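Trainee: no FASTA, just this:
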């Protein structure tokens with residue numbers, strides 16, 4: 001519901017083996033978008049499942065990806081670890097600062113395998129080049145159940161010895177905030193995502209309507225966790241860019257997500273789980289909050305929050321543009337649609353707020369529907385970066 005939060009304007013390069021690139025739920029972004037080495041295995045479920053989590057199309061069928069308006073590139077290593085540095089380098093050449101590289105590969109060459117591929121010095125150098133270029137790298141921790149702080153790894157996962165700048169992603173037991181038994185762990189892990197029974201495109205155990213119409217409810221491992229974390233990061237990166245006009249650096253984004261994430265409750269370290277809403281709140285970005293009695297005959301108050309003295313316009317719309325929102329530089333992407341009404345405008349008060357209240361018609365048929373959406377549009381006059389920005393779109397949902 002935030003400008004930039006759909007992944008608009010961001011490109012994600014998926015580095016792994018192969019894809020079913022014409023699958024009905026990812027073809028709008030993936031079909032034919034191969035770069036680098038030839039040729040990627042087709043059909044291939046693993047890459048299809050990863051892209052389903054990230055860019056599954058916003059439509060009536062299938063799944064909906066976390067950043068479904070992002071663009072994707074497909075860089076294969078052809079199933080050979082020796083090709084991983086080349087696949088990463090090919091992705092770097094096609095990306096720019098602010099884009100993402102998802103490394104969906106685990107390697108076996110250390111004494112304890114599988115493990116994150118950056119154990120290999122050539123892969124580490126490639127990843128460090130990417131992050132030094134402003135590209136966000138999100139890498140699977142691997143499914144060996146190993147402690148990456150074990151001496152057999154030679155300190156290569158000791159952040160005080162070296163740090164590629166990538167986010168290494170562990171896997172939890174689904175909704176439980178504890179490490180999955182198979183997930184590698186240790187102090188080098190930054191964040192974690194769901195590692196069991198993720199629903200996405202591919203495989204066909206949930207639904208099989210033919211090669212381009214398969215879905216699973218069983219995608220698991222650090223492979224399923226990594227696109228969840230990368231998707232959350234891309235949401236926050238897009239929002240940060242729209243609000244501040246600045247591209248967030250990889251290590252800065254990593255720190256934001258780690259610092260605002262939800263900690264695990266037990267087990268070895270796999271890092272916190274991303275909480276994008278908490279990260280946005282920690283940055284003080286414009287936000288609309290709703291309060292009141294959201295029932296027929298009740299009322300609601302919409303409050304715009306920001307920095308005291310900033311200019312603000314609060315707008316109501318009857319629908320939302322959750323596909324291809326309208327760019328309005330420099331404020332971001334305008335997401336309201338339908339019948340539009342300006343509800344109030346002025347300067348945020350000494351507490352950084354501006355509000356309006358409105359009665360809800362006493363019509364029982366309104367129960368269970370969304371009455372409309374409220375958007376805050378702020379001009380920064382108090383010294384923060386940027387000219388101004390749209391905030392979130394708050395849905396007025398009647399109970």
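Mentor: Noted; the coordinates are in hand. These numbers were taken from a predicted model, which means no experiment stands behind them.

Trainee: Please make it C-alpha for all contacts and neighbour counts, starting now.
Mentor: Fine.

Trainee: quick one: the helices in the stretch 251-399 of the chain?
Mentor: Ranges of helices within the stretch 251-399 of the chain are 276-283, based on DSSP state H, counting those that start in this stretch.

Trainee: which parts of the longest strand that the chain contains are buried?
Mentor: Secondary structure of the chain per DSSP state E: the longest strand is strand 336-347. Residues 336-337, 343, 345, 347 are the ones in strand 336-347 that count as buried (16 or more other CA atoms under 10 Å).

Trainee: Widest-spaced pair of those residues?
Mentor: 337 and 347 (24.7 Å; CA to CA).

Trainee: Residue 106 is in contact with residue 140, correct?
Mentor: Yes: counting by CA atoms under 8 Å, residue 140 touches residue 106, with 6.8 Å between them.

Trainee: When these two are compared, which one has more neighbours?
Mentor: residue 140 (29 against 22; other CA atoms under 10 Å).

Trainee: Check the gap between the more buried one and residue 103 for me.
Mentor: 6 Å (CA to CA, to the nearest Å).

Trainee: next one: residue 26
Mentor: 18 Å.

Trainee: Could you do residue 303 as well?
Mentor: Here the criterion is CA to CA. By it, residue 303 lies 41 Å from residue 103.

Trainee: These two: which is more packed in?
Mentor: residue 103 (28 against 20).

Trainee: thinking that one is in contact with residue 139, fair?
Mentor: Yes: taking contacts as CA under 8 Å, residue 103 lies within contact range of residue 139: 4.6 Å.

Trainee: ok, which stretches of the stretch 101-250 of the chain are helices?
Mentor: Counting by DSSP H, counting those that start in this stretch, the helices of the stretch 101-250 of the chain are 121-132, 222-244, 250-260.

Trainee: Check residue 228 and give its pLDDT.
Mentor: Listed pLDDT for residue 228 reads 98.

Trainee: ranges for the strands of the stretch 1-150 of the chain?
Mentor: 11-16, 34-35, 71-76, 100-103, 106-107, 115-116, 136-140 (DSSP state E, counting those that start in this stretch).

Trainee: which one of the ones you listed is the most hemmed in?
Mentor: strand 136-140 (a mean of 29; mean count of other CA atoms under 10 Å).

Trainee: which other residues reach it?
Mentor: Here strand 136-140 makes contact (CA atoms under 8 Å, 6 or more residues apart in numbering) with 98-106, 116, 127, 130-131, 165-170, 222-223, 225-226, 229-230, 249-250.

Trainee: That one to helix 121-132, inter-axis angle?
Mentor: On the basis of axes from the mean of the first three to the mean of the last three CA atoms, to 10 degrees, strand 136-140 is oriented at 140 degrees to helix 121-132.

Trainee: I am finished for the moment; much appreciated.
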